[in-house]
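> what follows is a predicted structure for the sequence shown.
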Amino acid sequence: MNQRVFDRVWSEVRSQYYDPGLHGVDWNAARQTWRPVALTALDDRTLYRAIGDMLELLDDDHAGAAPPAVARRQDTLRQRRPAIGVSLRAEPSGDTWLIEQVRPGSPAAEAGVGVGWRLVTGAGAPWTPEQDIAEGRAVTLSLIDGEGLARPLTLTPRIMEPTPAFVADRSRPGVLVLTVDGFELGLGRWMGAQLTNLPPETDVVIDLRGNPGGRLAEADAVLSCFLPRDRLWAARTGRSGRRVELRTAGGCGDLDAPVGNDVAVLVDANSRSAAELTPAALQEARRAVVVGAPTAGAVLISQETRLPDGGRLSLSRADFVTSGGVRLEKRGVTPDIAAPLTLEDRRAGRDPGLDAAVAALAGSRAEPALALQAAPAL
């Protein structure tokens, strides 16, 4: 099985990667280096570490392989499932994961796990994300708390309801905050429903912080909520070199025309892919103010392939430039207003980014409305 998985990944990159030159990487030499490591791997962690090290040669954040346990959790993200209650982000070392969120009422929250703690997954770790979790089967986590102290904890996963992918918050007078965790199926339809009959004086904040991206069609649908139909917003170029223009095609629910409300988009360093394409297009059209921190710069258009063991390969299939000809890969989107959210802010319950977005929109009401500018020729 190790051989089948490795060879499938290597072959897919060689034949399907958007750059036929593979960024100058000698792919045959990469195979000679990493295939023996993969074939002798005794567990998924070692196998997928070898595959990941090989894919890193491409210097492409969209090129990655998820082991079967991770793929299964991704597949059931919006379903009832056993959970510990933490959201993890891998750190550069590969042996630690930052805990970015702790779900209220979860086993992790009840045990006192905090945002900013780290999960250690190096050699000898009792549990790593490459392993499944099951209801009622205790797992021991090697944790480091916010003070740098070791805090090993044993938690028992239990069935929890899924968290919604999209949330609308109307708690602030005159402001609609739309938080989008991913560009998942149904986003455009949902956003259209939130915007239907919205008073024109109500400001809209779209929160894409921590959003890993998703479906390109849903990014187009979101843009269609605010830009005219057939608006040029990007172009992509695949392996063949053929250039394809991306134009808004509608899909914002039942809305017949884009809304005219003032818009702000919140982004951060973990806004990726479609969560970068969308604010970039709105920013270039001068249709929204972008607030937060520079985005990840991971915007190549990718597709996923299921591997023989149930794992998943993500691979870039097309390059991307904005309507203004800007290549965002390795560059990202620079906010109009800098308002980073620090770990201290999160622990204290502060949100300077949201506050800055609301203030910016309130100030814009004293100025002419954001205009829909003609798109430059591509």
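Right, received. Where do you want to start?
> who are the packing partners of the strand ranked longest in the chain?
Ranked by residue count and defined by DSSP state E, the top strand of the chain is strand 312-322. Where contact means 3 or more Cβ pairs under 8 Å, 6 or more residues apart in numbering; DSSP states H and E, strand 312-322 is packed against helix 2-16, strand 64-66, helix 68-75, strand 232-238, helix 274-284, strand 301-306. In short, each C-beta sits where N, CA and C put it, glycine included.
> how far does that strand sit from the chain's center?
Mean-position distance between strand 312-322 and its chain equals 14 Å (Cα atoms, centre = their mean, to the nearest Å).
> what strands line up against that strand, and which way round?
Here strand 312-322 is paired, per DSSP bridges, with strand 64-66 (antiparallel), strand 232-238 (antiparallel), strand 301-306 (antiparallel).
> can you name the residues bridging to residue 301?
Counting by DSSP bridges, residue 301 is bridged to residue 318.
> and residue 37, what helix or strand is that in?
Residue 37 is part of helix 27-39, with elements assigned from DSSP states H and E.
> list the residues that contact the most centrally placed residue in the chain.
For the chain, the residue nearest the mean C-alpha position is residue 212 (0.4 Å; Cα atoms, centre = their mean). Going by Cβ atoms under 8 Å, 6 or more residues apart in numbering, residue 212 touches 182, 270, 272-273, 275.
> quick one: the residues you listed as JSON lines, columns for distance to residue 100, neighbour count and pLDDT too.
What follows is the contacts of residue 212, written out as JSON lines (distance: Cβ to Cβ, whole Å; neighbours: other Cβ atoms under 10 Å; pLDDT from 0 to 100):
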{"residue": "182", "distance to residue 100": "14", "neighbour count": "21", "pLDDT": "95"}
{"residue": "270", "distance to residue 100": "8", "neighbour count": "17", "pLDDT": "93"}
{"residue": "272", "distance to residue 100": "14", "neighbour count": "23", "pLDDT": "95"}
{"residue": "273", "distance to residue 100": "18", "neighbour count": "27", "pLDDT": "94"}
{"residue": "275", "distance to residue 100": "15", "neighbour count": "31", "pLDDT": "97"}
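> quick check on residue 56: phi, psi?
The phi/psi pair for residue 56 (degrees, to the nearest 10) reads phi -60, psi -20.
> number of nearby residues for it?
For residue 56, the count of nearby residues is 13 (other Cβ atoms under 10 Å).
> now it, nearest residue through space, not along the chain?
Excluding its sequence neighbours, the residue lying closest to residue 56 (Cβ to Cβ, 6 or more residues apart in numbering) is residue 63, at 7.9 Å.
> my guess is the one you found contacts residue 317, does it?
No - Residue 63 sits out of contact with residue 317 when judged by Cβ atoms under 8 Å, with a separation of 10.7 Å.
> which one of those two has more residues nearby?
More crowded of residue 63 and residue 317, by other Cβ under 10 Å: residue 63, with 22 against 16.
> right, I'll call it a day here.
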